[in-house]
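J.: Everything below, folded, please.
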Amino acid sequence: MKKKLLLLVFFTFTLLIKAQNTKGINGDTNWLNMWTNFNPKTTSYNEASIILTGTISSNMTLKKENVYVLVGTVYVAPNVTLTIQPGTLIRCDTQILTTLVITKGAKIIADGTETDPIVFTSNKNSGDRNPGDWGGIIILGDAPINKTGGIGTLDFELDQQKALYGGNNKDSDSGILKYIRIEFSGKKTSHNKPINGLSLAGVGAKTKIEYIQVTSSDEDSFQFYGGYINTSHLVSLRSADDDFDFTQGVQCNISNSIAIRSPFLSDSYGSRCFEMETVDTRKGEVLDSKKEMTRVNATNFTMMHTEDIGTEIEGLKHEAILIRENTFLTLTNSVISGFSHLIVFADAISISDEYLDQIILKDLLINDTKVIGITQNKDFNSLISNWYQDKQFGIDFIKLKNDQLFASTSMRKKPDFRIKN
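T.: Residues are numbered from 1 along each chain as shown. Predicted structure coming up:
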């Protein structure tokens with residue numbers, strides 16, 4: 001009986017230890033280990049031998065044994081499937097604006113593996129690659145968006161007839177993106193508008209999106225324009241703008257993902273791990289109150305800076321999350337490390353108990369970050385702080401260096417950003 005009691009106590013203790021270590025990205029093994037690349041600038045890639053350009057108008061398969069160069073804006077036409085074999089390398093031309101567009105009604109099946117990821121990268125030589133070398137990947141679907149008329153086009157100098165997205169099919173399927181690396185994206189259009197690493201516009205819930213790393217984008221790493229998204233294991237590394245941008249009423253469940261910022265990279269408006277809005281009122285966009293508001297459910301997320309930040313560059317630290325009006329956020333079981341504040345609320349938001357009920361922060365580990373949230377209207381700051389101090393939210397504040405908090409922070413090797421036991 002005593003032996004059984006000891007076993008029960010040990011089993012219960014083990015479960016408790018595991019439960020206490022589930023914040024931030026997690027897993028029995030380091031899922032960043034094999035398919036990611038934290039130093040792509042100096043990686044040697046084989047030379048391209050096959051050019052892809054224009055419109056892909058019939059089903060096509062890109063094969064691992066070939067190396068491709070994407071030139072200009074390449075469209076996959078409606079009712080056409082582009083299949084990319086695991087291990088395929090696609091180099092992207094840097095002389096002209098180069099972007100891959102999966103049009104509404106088309107599909108991409110890019111189903112890489114942990115040992116054979118699919119890579120989209122700059123066509124420049126090792127050592128010469130930089131953020132903004134090429135455009136990015138755009139997927140256009142027919143799921144609902146919060147936009148007047150329910151249909152939108154992206155302002156990336158695309159063919160307007162091929163740039164439409166949005167519709168009524170919540171469960172639409174644009175294919176598979178799995179074990180993908182997107183490197184050095186974010187090239188600007190002639191109107192000085194940079195393209196995101198991965199743009200998901202009106203993408204539906206049956207589209208499979210997981211294990212994607214966007215590195216050194218000169219714009220957002222991931223931007224969600226409406227749609228219904230279930231995704232996990234996303235990595236944003238050293239984005240010049242936001243890591244994850246949510247807009248146009250996207251309904252997004254995102255888990256086990258990480259945003260790794262450099263304190264030396266930001267645009268003139270400030271750059272965050274999350275930026276959230278339903279419509280951009282600064283640009284005159286009009287909210288459709290009958291459609292969905294932007295709603296993000298994020299769990300087991302890690303938001304961090306690439307290195308510990310000394311007091312001499314304190315002013316370079318921004319907030320981890322920017323929230324504009326008409327948005328809902330649930331952030332749970334997550335780690336936030338090395339920011340000035342967790343959240344900044346836009347000036348247009350009137351902070352109240354009812355409003356804060358929309359922004360659920362629970363079971364968070366907040367490291368080397370001053371306070372929960374601020375607004376420029378300082379009258380609300382104490383309300384925000386007091387609200388989240390309630391024990392029901394389970395928010396813990398600590399102050400450690402990155403190498404004390406995470407299992408391994410070396411970017412020269414394969415880092416492990418699970419928190420230490």
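J.: Least confident secondary structure element in this structure?
T.: Within the chain, confidence by mean pLDDT, DSSP states H and E is lowest for helix 2-20 among all helices and strands, at a mean of 41.
J.: Skip ahead from it and say which helix or strand is next.
T.: Next along the chain after helix 2-20, taking DSSP states H and E as the criterion, comes strand 50-52.
J.: how about the helices in the chain?
T.: For the chain, applying DSSP state H gives helices covering 2-20, 353-356, 381-388, 402-405.
J.: Low-confidence bits of this structure, can you list those?
T.: The model of the chain has pLDDT under 70 over residues 1-21, 263-269, 307-317, 376-377.
J.: count of residues packed around the closest residue to G24 other than its chain neighbours?
T.: Leaving aside its sequence neighbours, G24 sits nearest to V335 (C-beta to C-beta, 6 or more residues apart in numbering; 3.5 Å). C-betas here are computed from N, CA, C, even on glycine. Other residues near V335 come to 23 when the count uses other C-beta atoms under 10 Å.
J.: need the contact list for V335.
T.: Remark: with contacts taken as C-beta atoms under 8 Å, 6 or more residues apart in numbering, V335 is in contact with K23, G24, F301, T302, M303, M304, L364, L365, I366, N367, L405, I419.
J.: The third one: neighbouring residues, count only.
T.: The local packing count at F301 equals 26, with neighbours defined by other C-beta under 10 Å.
J.: and the gap between T215 and T332?
T.: 27 Å (C-beta to C-beta, to the nearest Å).
J.: Looking at the two now, which is surrounded by more residues?
T.: T215 (25 against 18).
J.: can you pull the contacts of the more buried one?
T.: Neighbouring residues of T215 by C-beta under 8 Å, 6+ apart: N37, F38, P40, R181, I182, E183, F184, V235, L237, R238.
J.: which residues does the residue nearest to G24 form a beta bridge with?
T.: V335 has these beta-bridge partners by DSSP bridges: T302, L365.
J.: what about it, distance to F397?
T.: 12 Å.
J.: Quickly list what's touching both of those two.
T.: Joint contacts of V335 and F397 (C-beta under 8 Å, 6+ apart) are I366, N367.
J.: any chance you could map the strands in the stretch 101-250 of the chain?
T.: 107-111, 118-122, 136-140, 152-153, 164-165, 175-183, 198-201, 208-215, 222-225, 228-237, 244-247 (DSSP state E, counting those that start in this stretch).
J.: from the contacts of T215, which is closest to D173?
T.: Proximity of the contacts of T215 to D173 (C-beta to C-beta) peaks at I182, which lies at 21.0 Å.
J.: Go ahead and confirm the closest one touches I138.
T.: No - contact criterion C-beta atoms under 8 Å: I182 and I138 do not qualify, at 11.5 Å.
J.: out of those two, which sits in the more crowded spot?
T.: I182 (28 against 25).
J.: Let me see the contact set for the more buried one.
T.: I182 touches F120, T121, G136, I137, G197, L198, I212, Q213, V214, T215, S217, counting by C-beta under 8 Å, 6+ apart.
J.: if I look at it, how far off is S122?
T.: 11 Å.
J.: Report the set of residues contacting both of these two.
T.: Common neighbours of I182 and S122 (C-beta under 8 Å, 6+ apart) do not exist.
J.: quick one: the closest residue in space to M304 that isn't next to it in sequence and F301, what's the gap?
T.: Sequence neighbours aside, S337 is the residue nearest to M304 in space, at 4.3 Å (criterion: C-beta to C-beta, 6+ apart). Per C-beta to C-beta, S337 is found 11 Å from F301.
J.: List the contacts of the nearest residue to T55 once chain neighbours are set aside.
T.: Using C-beta to C-beta, 6+ apart and skipping the chain neighbours, the partner closest in space to T55 is Y75 (4.6 Å). The neighbourhood of Y75, defined by C-beta under 8 Å, 6+ apart, consists of G54, T55, I56, V101, T103, D159, K162.
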